[in-house]
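1. structure, please.
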Amino acid sequence: MPYGRAKEFLNDVMGLPISTGGINNILQRIAQKALPMYHVLKEKITQATCVSTDETGVNINGKNHWAWTWQNDTLIYIVCAASRGFKTIAGAFENGLPNAVLIHDRWPSHFQMDAKAHQICTAHLLRELNYLNELYKNKCNWTIAFRSLLQDAIQLKKELTTADYYYPNIKRDALFERLNQWLLYPINEQYKKSKKLQKKLLAKQECILYFLLQSNVSPDNNGSEGAIRNIKVKQKISGQFKTLETANLFAILRSVIDTAIKNGNNVLNALHLIATFGTE
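-> Okay, the predicted model is just below:
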């Protein structure tokens, strides 16, 4: 909610006379108290074995900034920054995520992060392939075949049990063989954008089907897109953040709130504990 709307609600509905400045002061104090938990979330992400990441534009006082998220099934860590480049990643995780498989789209900055392995988001990749199929009116064999390959791999992921990852699997081996064949497949020169995508994927071949090698690795980073959706909702309602500091107050509190939700905890109880027992 915008501060003005929050003031109206608290004044008119709750009977609590408070100014927008007072609301801002309250949020600053509780965000400060939430900082220890926010740092714990960062540390837990650093130790995780699987993390997905994404970033989205944020309007701060009329200028474009970026909100970054790193998350998994139980944790969310959000940072707002002026840069979409690697320096934001390095500032957030100076030692990288050496224990984790990092799931992301093909934004180059993500590949610069030190990680156990990288997994390209198949949802993003399928959207690119769908675009190419529409562009070439389903006449480029490579885009059709590569889309089918990814769809078959995603289906196999659904069928695999945890134990299957520890033993040879004929279907999985066949998919890796198909991957190698289609990355080397000669594409007609008239399909330049398909050739360009193929060349880029060939350079990152080990990042395409890694999700079939580890049970807890998802084929997409949809969870990260969901984790930053609240920032988009915030901007649709309020228009923008006034300062980077205010955006990061939102990032701190949203990280704590969304982590509480992921773990089935009551959000109001969690915030009450932070407000009551948090350290300044």
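2. residue nearest the centroid of the chain?
-> Nearest to the mean C-alpha position of the chain, counting by CA atoms, centre = their mean, stands Ser224 at 2.6 Å.
3. can you map out the strands along the stretch 101-250 of the chain?
-> Per DSSP state E, counting those that start in this stretch, the stretch 101-250 of the chain carries strands over the ranges 115-120.
4. where in it is pLDDT low?
-> Within the stretch 101-250 of the chain, not a single segment meets pLDDT under 70.
5. now the helices: where do they sit in it?
-> Taking DSSP state H, counting those that start in this stretch as the test, the helices found in the stretch 101-250 of the chain are 108-111, 122-135, 141-159, 170-183, 192-203, 222-227, 229-238, 244-262.
6. circling back: and the nearest residue to the residue nearest to the centre of the chain once chain neighbours are set aside, what does it touch?
-> Excluding the flanking residues, the one nearest Ser224 by CB to CB, 6 or more residues apart in numbering is Asp54, at 3.6 Å. Any C-beta I mention is one placed from the backbone N, CA and C, and that applies to glycine too. Going by CB atoms under 8 Å, 6 or more residues apart in numbering, Asp54 touches Trp68, Thr69, His104, Asp105, Asn221, Ser224, Glu225, Ala227, Ile228.
7. switch the cut-off to 6 Å
-> By CB atoms under 6 Å, 6 or more residues apart in numbering, Asp54 lies in contact with Thr69, Asn221, Ser224, Glu225.
8. now do Thr276
-> If you count contacts by CB under 6 Å, 6+ apart, then Thr276 has nothing around it.
9. can you tell me the SS state at it?
-> At Thr276 the chain is in helix, as set by DSSP: H, G, I helix; E, B strand; the rest coil.
10. of the contacts of Asp54, closest to Ile76?
-> Thr69 (6.4 Å; CB to CB).
11. what are the buried residues along stretch 265-273?
-> For stretch 265-273, burial by neighbour count (16 or more other CB atoms under 10 Å) applies to Ala270, Leu271.
12. what comes into contact with the helix or strand hosting Pro98?
-> Assigned by DSSP states H and E, Pro98 belongs to strand 97-104. The contact list for strand 97-104 (CB under 6 Å, 6+ apart) reads 48-53, 110, 114-119, 217, 221.
13. closest one of those to Lys158?
-> Nearest to Lys158 among those: Val217, at 13.5 Å, using CB to CB.
14. can you name the residues that contact that closest one?
-> The neighbourhood of Val217, defined by CB under 6 Å, 6+ apart, consists of Cys50, Val101, Gln119, Phe211.
15. list the buried ones in the lengthiest strand in the chain?
-> If you go by DSSP state E, the chain has its longest strand at strand 50-60. For strand 50-60, the neighbour count (16+ other CB under 10 Å) marks Cys50, Val51, Ser52, Thr53, Asp54, Glu55, Thr56, Val58, Ile60 as buried.
16. what subset of the contacts of Asp54 is buried?
-> Thr69, Asn221, Ser224, Glu225.
17. just the closest of those to Phe241, please.
-> Thr69 (16.0 Å).
18. picking up where we left off before, in its sheet, which strands sit next to the strand holding Pro98, and in what direction?
-> Here strand 97-104 has these sheet partners by DSSP bridges: strand 50-60 (parallel), strand 115-120 (parallel).
19. from Pro2, how far off is the residue nearest to Ser224?
-> 25 Å (CB to CB, to the nearest Å).
20. do the same with Leu129
-> 40 Å.
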